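**Q** sequence below, structure please.
(chains A and B)
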Amino acid sequence: METKSKTQKKQRPTLPNIDSFTHVRGQSLFVDDMTLQEGTLHAAIIGSTIAHGYITQIDYAEAEKLAGVIKIFTANDIRGENQIGGIIPDEPLFAEKDIHFWGQPIGMIIAESDFIARKARSLVKIQYEELPVITTAKEAKDKGQFVAGSRTFQLGDCEQAFKNCEYIFEGETFSNGQEHLYLETQGAYAVPMENGNIKITSSTQGPTAVQRTAARVLGIPMHKIEVEVIRLGGGFGGKEDQATPWAVMAALATQVLNQPVKLVLNRHDDLHMTGKRHPYESSFKIGLNKELKIMAYQAEFLQNAGAAADLSPAIAERTLFHSTNAYFVPNVQTSVYQCKTNLPPNTAFRGFGGPQGMYVIESAIALAAREIGVPAHRIQEINLLQEGDEFSYGQIAKQVEAQNSWQKAKQSYQLQKLEEEVAAFNKQNDQLKKGLALMPIAFGISFTNTRMNHARALVHIYEDGSVGISTAAVEMGQGVNTKMLQIASEQFGLPLHKVKLEPTNTTRVANTSPSAASATADLNGKALQRACKVLKARLCLAASQHLNIDASDAEFHNEQVLIKDKPLSLDWYQLVTEALNQRICLSENSHYATPEIHFDKGEEKGHPFAYHVYGTAIITCTLDCIRGRYNIDAVQIVHDYGQSMNEGIDLGQVEGGLAQGIGWMTMEEIAYGADGRLHSNALSTYKVPDLFSTPDILDTIALDSLGHEMAIKKSKAVGEPPLMYGIGVYFAIQNAISAFNPKYTPQFNSPMTPEKALMSLYEK
Amino acid sequence: MITFLLNNELIETEQKAGMTLLDFVRYNRRKKGSKIGCREGDCGACTVLVGTLQQDGQVSYRSITSCISPLGNANGKHIVTIEGTNLDGKLSRAQQAMYDNYATQCGFCTPGFVVSLTGYCLRETIPTKEGILDAISGNICRCTGYKSIERAAEQLYQELLLPSSNGRQSHLIAKGFIPEYFATIPERLAKIKDNDAPRGKETPVAGGTDLYVRHADRLTEEAVSLFQAQHLGGITIKNGLCTIGAGVTATEFMEHPDMNLAFPNLRQHLLLLSSEPIRNMASLAGNFVNASPIGDMSIFFLALDAQLQIENKEGKQRVLPFRSFYKTYKVYDLQEGEFIRSFSFKLPTAAQHFNFEKVCKRQHLDIASVNSAALITLEDDRIADIHCALGGVAAIPLYLEKTCQFLKGSDISPKSIAAANDVLQSEISPISDVRGSADYKRLLARQLFFAHFLQHFPNQVSLSALTS
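**A** Residues are numbered from 1 along each chain as shown, chains lettered A, B, ... in the order given. As a prediction, this is how the structure comes out:
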């Protein structure tokens, strides 16, 4: 085994992740770790074992007879609406008769233990009449099956522009889905309160979505449902909408039985029953002029939405927003079809359709480069966005860092030298070949649905001077708790242990947007900043009153209150007491809504993003031409953090996002049978990157950029963008294959598994 | 009754031996730090340490995935969960290293990493960078991309290098690697009596690494008969003949000094087999009776032309060549009540060349698409004898009878090896499945077959000559 080179440390010492202390001691609480109340019951979900058809008969008799089984729930037990569709109401909680995907929930067994519930489930007998199954987007499109209408973005005039192009290339691509594989499976714990109220602890990115849907299904007002989220054992988008059904089911059982109910999916159920990243089947046409400028780009994206809309319409939209990645193309026409198939409804996954869009234009550039006979990075570089360029959706690119990050990567990592080394290596070796590729990114930050870009923060200063903070932000590993704590502790000049982050709870912060779209820290952080400032102003007023001075610009530092760096006679704690003596409110709930953004879905034009995040990665890999195995030698990144407010946490997002991108492009292969059954249904058949599959060298340099006013503390959003650096790995391996086999015709069919690599190496 | 130490506590339980250790610690003892990620030993979130009292009075610690380990195997051991590594009010060295390096994100996999790292600190007297990374190779993290965890491992490795005074364990306690109570464990373990292992008609279980992946619920209810308690261990060598007990784990095989002499690349081969916790549990013979067509150890020992010693309930033994063991898919020559007691093989000599190859979707810790092993005996530059096996290309782990026959007496040249491949292709019948298409497996079978010769005879054959 090769010892992996150490990643160079680039971060300055910053605040450690505040959740880490309990994490490393095994004392952090996840849903399955909660102390259960007396009388808690357990659930197992009955899933369909066909992908499309009708239920003709169900026999629960034997299951019901099993000792310890309390009740078997079906759609008939629902008091409200049997409907969980978020954007479009097209998905029942429990199938009534029609089955649309393998694993679709039909019912739920409630028993005294999860062991009994699972055993009872195996005794349920269901008969079906099967209908033809559609698993590919293309087939769905041919048959006119869609979950929603198609969308088209247009800039300039493609048809006209193609007429003047020197080079025109057309091709097809496929990018497979991706399983989230959050280490903590979906789960919720519902507890009855008095008066028919229910408290749900859920592992969800969207507490309000759970609350809204539970109210709808249970047929009660939202205020009767309280949703709390302590933390998530990973989300990655998979718990944005799809944490909801399990929480609702637990709540339903609690409503009917008036007993606490815990529902935690086992891994097999989670894999079978939940949606994944959308597979895309796409086609493109790219036109370049003599100078290799991309003059026109057309693409048609067939999104495999699965059996219901879920978040597919929003994801489809983001595919179009990012279909030209970090390039300026004057004439663009891109369309997306949301194809309805018999797969579990596909859903949000880090990047949210953006990666699928970017993969296609990168494929188009790779094809053009090969056909013209130039390195792809020449075409990439020539076409990078410049200040003032227009995106196909009308937004004008500002504070563009595409060239800056590219040039910095080229220089810092000595691209030319790398290329020479690769060429020399390939000349000398016949069993191993190296490949190199670059991957620039430009990713828009904001929910593309403008109305979701808001958040609130509730701050209490308690009478002893300690502070409690509630926001809508859900901690799922991204470090948002730490960032929130940093903001409050800095605003109030308090040590960290005097500030506490409360679990996310719908009774403290209501009507929230999910923690998603990389925007959580921006939205909630800005709201929190406002709340702190309001409270500080009130405290200043109290100080002015008490000391009979003008303390309106007092500053808070080290538990002191300072005017022009000189401490007042009141410290923080005395001032809090004084403010309460003056009957001043020391709680504040502040609201923030992102300014400037708008988008017109009729025109498909507007300014949907607060800002963009940029960066460039250089990837080198080595391919074993005997075995078709590859090693990623190095990924060298220049990333635009803006002014990172916590480099330790932000670097973790870059490295973790990249690893998921590499997984998506290399080994993570979702396999459904023609019957719609998931074959990659366990960790033994669905492989995510392990310690050895990460790059030997992973360097990340922070681009020295100003950041953006709309980013919290000018520290740009960092959750999703780095995933897309991983796309470059596909092309690096492809270049290594070409170095071995001159007869290889590039296929744009990801992931590049060792199987595809080996078959390509020996393609004739 | 099952008796063992759980962290700093004596456990005497009447729970069934077939229950998983994970369920016991989480739900009976409410130690919630060990997480449930997959229940098939593939993610490491449930990793615990098993301490076994050695003859020298020391306790040797190994990591295992508690989700596929029967509670009964904990009998007489010291089981350490994440809670058992916690110090009062401060972090242990492994915990601090994770904390300092931002190596936790969502935190769900974290306890498993910390336990694996702590296990490494307890075990390794001569730490290496390779070794400490291998110790966490069975832990999957979906958030960090591992680099911050590598940095944490590097920090811990540096701390392990610091000179120790006194005994090793007191050094580890003094420097905050482990809590103080570890010093009392050897004495307390010695007091636990070796209970009689349950025997009889029950499902026989060795490490459980295969059975528990598929049948955990069933085994929880049924009585199991535990190999580990029956002392079917031991590696003995007599006149060049090596005999391995059915209970011998992959780790015991891999770390045996004589095995490493006989197979210079043994470590590399076995690293491909599985993660460290699985190697710590899985028995070699268990891999044989699992009868997977791509069982790595089956392929390995088919190429060594091993003999199986099979015993029935009456204690009567018979010997069977391993290559006649498999009949059809998952059907093999064991009668009701029979089990493999041990197996033996001749250790390779200097004139023999052994190689093992495995390719899967993920390079490490994955199930093979195709695997292969070969033992080549040379005399005067000709192949005097060859045993070659291929996995993933038939219903059973395949001994390449015809190909081997074809090559006997042959020279080693591109022409003859390529011709042997034609025979090989006629012997195999791969099918398309989640591990690859039939066409791919055929190509890969050829490539791995070639790889044996490219590995050992680079002067006689080259990749381009073989594939042109």
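
**Q** helices of the stretch 251-400 of chain B, start to end?
**A** Taking DSSP state H, counting those that start in this stretch as the criterion, the stretch 251-400 of chain B contains helices spanning B:257-262, B:266-271, B:276-281, B:284-290, B:296-302.

**Q** nearest to A:Thr622, of those?
**A** Smallest distance to A:Thr622 across the helices of the stretch 251-400 of chain B (C-beta to C-beta): 17.2 Å, for helix B:266-271. All C-beta atoms are positioned from the backbone trio N, CA, C, and that covers glycine.

**Q** show me the shaky parts of chain A.
**A** Low-confidence segments of chain A, defined by pLDDT under 70: A:1-13.

**Q** grab the most central residue of it for me.
**A** Closest residue to the average C-alpha location of chain A: A:Arg350 at 2.6 Å, with C-alpha atoms, centre = their mean.

**Q** tell me the contacts of that residue?
**A** A:Phe236, A:Gly237, A:Gly657, A:Gln660, A:Gly719, A:Glu720, A:Leu723 (C-beta atoms under 8 Å, 6 or more residues apart in numbering or on different chains).

**Q** now do the SS call for it.
**A** Following DSSP: H, G, I helix; E, B strand; the rest coil, the label given to A:Arg350 is coil.

**Q** against chain B, how distant is it?
**A** Applying C-beta to the nearest C-beta, to the nearest Å, one obtains 11 Å for the distance of A:Arg350 from chain B.

**Q** related to what we said a few turns ago, list the ones among the contacts of A:Arg350 that fall in helices.
**A** In helices, judged by DSSP state H, the following of those are found: A:Gly657, A:Gln660.

**Q** using CSV, lay out the contacts of A:Arg350 together with neighbour count and distance to B:Gln95.
**A** Listed next are the contacts of A:Arg350 as CSV, based on neighbours: other C-beta atoms under 10 Å in any protein chain shown; distance: C-beta to C-beta, whole Å:
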residue, neighbour count, distance to B:Gln95
A:Phe236, 31, 25
A:Gly237, 27, 30
A:Gly657, 26, 25
A:Gln660, 28, 26
A:Gly719, 28, 26
A:Glu720, 28, 30
A:Leu723, 30, 29
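
**Q** I'd like the distance between A:Pro279 and B:Arg362.
**A** From A:Pro279 across to B:Arg362, the span is 20 Å (C-beta to C-beta, to the nearest Å).

**Q** of those two, who's got more company?
**A** Shown here are A:Pro279 and B:Arg362; by other C-beta atoms under 10 Å in any protein chain shown, A:Pro279 has more neighbours (26 against 21).

**Q** pretty sure the more buried one is touching A:Ala137, no?
**A** Yes. Between A:Pro279 and A:Ala137 there is a contact at 6.9 Å, judged by C-beta atoms under 8 Å.

**Q** can you pull out the helices in the stretch 51-200 of chain B?
**A** Going by DSSP H, counting those that start in this stretch, the stretch 51-200 of chain B shows helices at B:93-100, B:110-123, B:129-135, B:147-161, B:168-174, B:185-190.

**Q** and the second one, which residues are buried?
**A** Read it as helix B:110-123. Neighbour counts over helix B:110-123 (16 or more other C-beta atoms under 10 Å in any protein chain shown) mark B:110-122 as buried.

**Q** that older thread, mean neighbour count, the helices of the stretch 51-200 of chain B: which tops it?
**A** Between the helices of the stretch 51-200 of chain B, helix B:110-123 has the highest mean count of neighbours, a mean of 28, where neighbours are mean count of other C-beta atoms under 10 Å in any protein chain shown.

**Q** which strands and helices sit next to that one?
**A** Helix B:110-123 sits against helix A:20-24, strand B:47-53, strand B:59-65, strand B:78-80, helix B:93-100, helix B:129-135, helix B:147-161, with contacts defined as 3 or more C-beta pairs under 8 Å, 6 or more residues apart in numbering or on different chains; DSSP states H and E.

**Q** can you redo those as TSV with distance to A:Glu401?
**A** Listed next are those as TSV, based on distance: least, C-beta to C-beta, whole Å:
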stretch	distance to A:Glu401
helix A:20-24	31
strand B:47-53	42
strand B:59-65	44
strand B:78-80	49
helix B:93-100	31
helix B:129-135	35
helix B:147-161	23
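
**Q** buried residues of stretch A:216-233, list them for me.
**A** Of the residues in stretch A:216-233, those buried (16+ other C-beta under 10 Å) are A:216-218, A:220, A:222, A:224-233.

**Q** same check, this time on stretch B:22-37
**A** Neighbour-count burial for stretch B:22-37 flags B:22-27, B:29, B:31-37 (criterion: 16+ other C-beta under 10 Å).

**Q** any idea which of the residues you listed is closest to A:Leu761?
**A** B:Gly37 (34.8 Å).

**Q** hmm, which helix or strand of chain B has the shakiest average pLDDT?
**A** strand B:224-226 (a mean of 76; mean pLDDT, DSSP states H and E).

**Q** following element in sequence after that strand, please.
**A** Using DSSP states H and E, the helix or strand that follows strand B:224-226 in sequence is strand B:235-238.

**Q** helices or strands up against that next one?
**A** Counting by 3+ C-beta pairs under 8 Å, 6+ apart, strand B:235-238 packs on strand B:241-245, helix B:257-262.

**Q** that strand pairs with which strands, parallel or anti?
**A** strand B:241-245 (antiparallel) (DSSP bridges).

**Q** how far does the strand it pairs with sit from its chain's centre?
**A** Relative to the centre of its chain, strand B:241-245 is centred 17 Å away, using C-alpha atoms, centre = their mean, to the nearest Å.

**Q** in that strand, what's buried?
**A** Within strand B:241-245, the residues that count as buried by 16+ other C-beta under 10 Å are B:Cys242, B:Thr243, B:Ile244, B:Gly245.

**Q** skipping adjacent residues, who's closest to the second one in space?
**A** Read it as B:Thr243. Using C-beta to C-beta, 6 or more residues apart in numbering or on different chains and skipping residues adjacent in sequence, the residue nearest B:Thr243 is B:Ser344, 4.1 Å away.

**Q** same check on the first one?
**A** Excluding the flanking residues, the one nearest B:Cys242 by C-beta to C-beta, 6+ apart is B:Leu347, at 5.3 Å.

**Q** so whichever residue of the stretch 401-550 of chain A sits closest to chain B: helix, strand or coil?
**A** The stretch 401-550 of chain A approaches chain B most closely through A:Gly477 (3.1 Å), counting by C-beta to the nearest C-beta. What three-state DSSP gives for A:Gly477 is coil.

**Q** what's the end-to-end length of stretch A:371-380?
**A** Terminal residues of stretch A:371-380 lie 15 Å apart, using C-alpha to C-alpha, to the nearest Å.

**Q** and stretch A:505-512, by the same measure?
**A** 10 Å.

**Q** can you pick out the most distant pair from the contacts of A:Arg350?
**A** Most distant of the contacts of A:Arg350, by C-beta to C-beta, are A:Gly237 and A:Gly657, 12.0 Å apart.

**Q** and the residue of the stretch 1-150 of chain A nearest chain B?
**A** A:Gly26 (2.2 Å).

**Q** how close does that residue sit to B:Ala45?
**A** A:Gly26 is 11 Å from B:Ala45, by C-beta to C-beta.

**Q** the more surrounded of the two?
**A** Between A:Gly26 and B:Ala45, counted using other C-beta under 10 Å, B:Ala45 has the larger neighbour count: 29 against 25.

**Q** which residues in the stretch 1-150 of chain A form strands?
**A** Secondary structure of the stretch 1-150 of chain A by DSSP state E, counting those that start in this stretch: the strands cover A:41-47, A:53-59, A:69-73, A:98-99, A:105-111, A:125-130, A:146-155.
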